[in-house]
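Visitor: sequence first, predicted coordinates after that:
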Amino acid sequence: MLAELPNLPPLFASVSDTIKLHCGVGDDGASLLVSGVCNDEFYTISLKEKDAQKVKGSSEWKTFFSDVEKSFVGGTVTAQSGGGGLTVTCKGSAGDITFQLVKADGNGPLLMLAKLFSWYQLRNDKGMGEKLLEDLNKQDRDMRMKVQSLEQEKVQLQATATSSAAEEQSLMDEYTHLQAELSELTEAHKKACELAGKDPNEIDENELLDPEFSKPLGRLPMGNLLKRVFDNSLLKLIKSKFCPAADETDATRELDPEKDKWLSVIRPFTKPEFEAQMKSLDFGEKSMVMKVMEKVDKWDYDVWTIQDMTGKGSLFHTAYALFCRWDFFRKFNLNEEVCINFFSQIEAGYHPNPYHNSQHGADVLHIVHYICQSGGLRDVAKLTDEDVLAALIAGMIHDYDHPGLNNNFHVKVQSYLATLYNDRSILENHHCAEVFEMMRNPQFDILGSLTDAQRRDVRETIIEMVMSTDMGLHAKIFGTWKRRIGTDHDLHKRKDDQRLALSMSIKMADISNCGRPEHLYLKWGTKLAEEFFLQGDNERNRGDPVSPFMDRFAPSMAKSQIAFMNYIVIPMFESIAEYLPDMHFSVEHCENNKNYWASNDDSL
């Protein structure tokens, strides 16, 4: 009906001196209106499709409207009053078409005259017709956009329902995995008690046993799960922001398993589709995440908000966004599903430490990106895409499986890891070894699509960058850096010099909170102090001397931070700013943060 109704013109008929009739499209544009005046009384009926179907009978809609029009124009329409109503009958090709009009309020002749006048004006006033057509076209466009929006909302709701079911299954799998892990830990505790000659049922829960500081290499932090639960619609927005589809065919065409690995999980919107999606995005977690993503190239990118809005997923979502931002999925033909698995495992492999956790990993990852992009390192050092890829991976994994206890602690207690790595860069070796062992599994091999030469290049850069984060090597690395840039700034001529510059970038990123605005610096500083105090508690409970600045009963945050900034942070930041002038602002932040402690001494 709605397809044929707009073709029905306004119809008028004079049945007798006392009965005048009108038929046309209702004011809502979706109903058939028949009205009449009989002896100055007004009668009318408005028929939606369901009611009109009963009047139409078995005729096609096109035939039905044609019969009504011919009857009005040809003078074969009749009307009969009676029973408080008005019966209007049109001659149809398949029999009579009868409308039962009911009495309505209003001045019948005046209303009929108004309709007749509107029709006359429409026929003779070109401007009015054009305006009416323009209004109808606008209504049509608005309606089509509303339908499109509803269709998209339907797809999103269906995806959410599917995601919720998958999330429920994932949580059940994780619960089963945790139950199994609890059983393993219980058995391990019993064995540890036996070795210590203690009854596990009588042991004081506050009494510490010598801990096992690592598990075998290659452990999977998520057990049998390949990836974390994530919101497909959010990843689609993130991907569409940084690498939108070239055209609509990317969303529908059959994928080439070799050439289209970047589309294996998420098919992005085109740029116009993405802009429409963002305009219709309601305020909430997704809109807040996308607002933060606007600052991915800025120093004040907010990993705290990403962490809160994505279920502690700041590392996963920042890594995914930056791989899209650099278009690495397409440039290296990376398998998107494998990358998502890898990001998930790396994030899960960070312990829930106060400071060395996945949020710190996300923060360092972002600052490495910032130094390469906005800080100018990529252009000044003429870095390749392989260099930047290695830098991003190094940033995200640099503290993987960090136990919240530093290298000095491991050496002091002669942990398994200290023995394994001969007291040399213990944690840094462990971070790299764990990740590369995990990557031996094709499901997590993020470098699987690279050539052998590319893979060796990227691996060597990652290892050198992560190893440089050992503060025990700071004097050696920083001394090498100062001597090198003291000669000239042509670091792009040798691979070793480029890697030295990249090592300085991750060293800066690792302690970059000292160069942040005060409110962010204090957030990170509080987390670091708490982790230090936890190590101090561990040392005290073991009967060992508490390490400097780690005694919660003798706080000295002001003293330690001022010394750290004076002797480590500011000299290094100033030297980096000499090579990368766009990074000099960070030195000013350091000075401001140092001044904060000068007036807020917490020493007892």
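Guide: All right, it came through fine.

Visitor: confirm residue 89 sits in a strand?
Guide: Yes - according to DSSP: H, G, I helix; E, B strand; the rest coil, residue 89 belongs to a strand.

Visitor: partners of it in the sheet?
Guide: Note on residue 89: beta-bridge partners residue 78, residue 98, judged by DSSP bridges.

Visitor: what's the closest non-adjacent residue to the residue positioned nearest the centre of the chain?
Guide: Most central in the chain under CA atoms, centre = their mean is residue 234, positioned 3.9 Å from the mean C-alpha point. For residue 234, ignoring the flanking residues on the chain, the nearest one in space by CB to CB, 6 or more residues apart in numbering is residue 286 at 5.3 Å. Bear in mind the C-beta positions are built from the backbone N, C-alpha and C, glycine included.

Visitor: what about residue 439, neighbour count?
Guide: When neighbours are counted by other CB atoms under 10 Å, residue 439 registers 21.

Visitor: that one and residue 376, how far apart?
Guide: Going from residue 439 to residue 376 by CB to CB, to the nearest Å gives 31 Å.

Visitor: so which strand or helix has the residue nearest to the centre of the chain?
Guide: Assigned by DSSP states H and E, residue 234 falls within helix 232-242.

Visitor: which other helices and strands contact that helix?
Guide: Packing partners of helix 232-242 (3 or more CB pairs under 8 Å, 6 or more residues apart in numbering; DSSP states H and E): helix 126-195, helix 271-279, helix 285-293, helix 314-325.

Visitor: what do you get if the cut-off is 10 Å, keeping everything else the same?
Guide: If contacts are counted by 3 or more CB pairs under 10 Å, 6 or more residues apart in numbering; DSSP states H and E, helix 232-242 sits against helix 126-195, helix 271-279, helix 285-293, helix 314-325, helix 336-349.

Visitor: single out the most deeply packed of those.
Guide: For the helices and strands packed on helix 232-242, the largest average neighbour count (mean count of other CB atoms under 10 Å) is found in helix 314-325, namely a mean of 26.

Visitor: and the next element down the chain from it?
Guide: Next along the chain after helix 314-325, taking DSSP H and E as the criterion, comes helix 328-331.

Visitor: give the contact list for the residue nearest to residue 234.
Guide: Residues in contact with residue 286 (CB atoms under 10 Å, 6 or more residues apart in numbering) are 231, 233-234, 237-238, 277-278, 309-310.

Visitor: please enumerate the helices of the stretch 401-550 of the chain.
Guide: Here the stretch 401-550 of the chain has its helices, by DSSP state H, counting those that start in this stretch, at 407-413, 416-420, 426-438, 452-467, 474-487, 495-510, 518-542.

Visitor: picking that back up, Serialize the helices and strands packed on helix 232-242 to a markdown table and add fields for distance to residue 54 and mean pLDDT.
Guide: Below are these laid out as a markdown table (distance: least, CB to CB, whole Å; pLDDT from 0 to 100):
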| stretch | distance to residue 54 | mean pLDDT |
| --- | --- | --- |
| helix 126-195 | 26 | 73 |
| helix 271-279 | 41 | 94 |
| helix 285-293 | 47 | 96 |
| helix 314-325 | 56 | 98 |
| helix 336-349 | 55 | 97 |
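
Visitor: to residue 391, which of those lies closest?
Guide: In terms of CB to CB, the element of the helices and strands packed on helix 232-242 nearest to residue 391 is helix 314-325, at 10.2 Å.

Visitor: just to revisit the earlier point, any idea how far the helix holding residue 234 is from the chain center?
Guide: In terms of CA atoms, centre = their mean, to the nearest Å, the centre of helix 232-242 is found 6 Å from the chain centre.

Visitor: then that helix to PDB, C-alphas only?
Guide: Only the C-alpha atoms of helix 232-242 are listed here, as PDB (Å, rounded to 0.1, in the frame of the first residue of the first chain):
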ATOM      1  CA  ASN A 232      33.900  -6.000  18.700                       C
ATOM      2  CA  SER A 233      32.100  -2.800  18.100                       C
ATOM      3  CA  LEU A 234      34.700  -0.800  20.100                       C
ATOM      4  CA  LEU A 235      37.600  -2.400  18.200                       C
ATOM      5  CA  LYS A 236      35.700  -1.600  14.900                       C
ATOM      6  CA  LEU A 237      35.500   2.000  15.800                       C
ATOM      7  CA  ILE A 238      39.200   2.100  16.800                       C
ATOM      8  CA  LYS A 239      40.300   0.400  13.600                       C
ATOM      9  CA  SER A 240      38.000   2.600  11.500                       C
ATOM     10  CA  LYS A 241      39.500   5.700  13.000                       C
ATOM     11  CA  PHE A 242      43.100   4.900  12.100                       C
END
